[in-house]
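[1] Generate a structure from the sequence data that follows.
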Amino acid sequence: QVQLVESGGGSVQPGGSLRLSCVVSGFTLDAYAVNWVRQAPGKVQEGVSCINVRDNSTTVADSVKGRFTISGDNAKNTVFLEMKDLRLEDTATYYCATHFRTYCSAYGGVKRGKGTLVTVSS
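    Purely as a prediction, here's the structure:
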């Protein structure tokens, strides 16, 4: 059974950092691309970043470029999202997801985890 389980969310002040984790089960990380999306209350889902561990290719949304870094650990079957210089507008529930495709395409996916909440406030 395919599962994606996020963790690492929390409350931080502006300028702070967090590291989110997405543990994947039911497939190996090098089989399909995995991406992060986020959704703030009352707003539509927004793509954040994607990784294809097979060739280590990544995509990053302009809104987080230079501040967020995606990476993958095959041995742990885990995708990470390192977030630095967090801003108030980064507040959202963050989800990892997959389209079960071997490349990064549109964000989101047919399978998504339950999310982890990130709150940035002063």
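
[2] Is residue 31 in a helix, a strand, or coil?
    Secondary structure for residue 31, judged by DSSP: H, G, I helix; E, B strand; the rest coil, is coil.

[3] Could you report the separation of it from residue 95?
    19 Å (CB to CB, to the nearest Å). The way it works is simple: take the backbone N, C-alpha and C, and place the C-beta from them, glycine included.

[4] Mind giving me the packing neighbours of the helix or strand of the chain with the lowest mean pLDDT?
    Lowest by mean pLDDT, DSSP states H and E among the helices and strands of the chain is strand 111-112, with a mean of 92. For strand 111-112, the elements it packs on are strand 92-98, judged by 3 or more CB pairs under 8 Å, 6 or more residues apart in numbering; DSSP states H and E.

[5] Please list the residues outside the strand it packs on that contact it.
    4, 6, 9, 20, 22, 24, 32-40, 43, 46, 48, 79, 81, 107-118 (CB atoms under 8 Å, 6 or more residues apart in numbering).

[6] Filter the residues you listed down to the buried ones.
    For these, a burial check counting by 16 or more other CB atoms under 10 Å picks out 4, 6, 9, 20, 22, 24, 32-38, 46, 48, 79, 81, 107-109, 111-113, 115-116, 118.

[7] Show me the residues you listed that map onto strands.
    4, 6, 20, 22, 24, 34-38, 46, 48, 79, 81, 111-112, 116, 118 (DSSP state E).

[8] show me the contacts for the spatially most central residue of the chain.
    By CA atoms, centre = their mean, the chain has its centre lying nearest to residue 36, at 2.7 Å. Residues near residue 36 by CB under 8 Å, 6+ apart: 20, 22, 47-50, 70, 79, 81, 94-97.

[9] Leaving aside the residues adjacent along the chain, what's closest to it?
    Leaving out its chain neighbours, the residue that sits closest to residue 36 by CB to CB, 6 or more residues apart in numbering is residue 48, at 4.2 Å.
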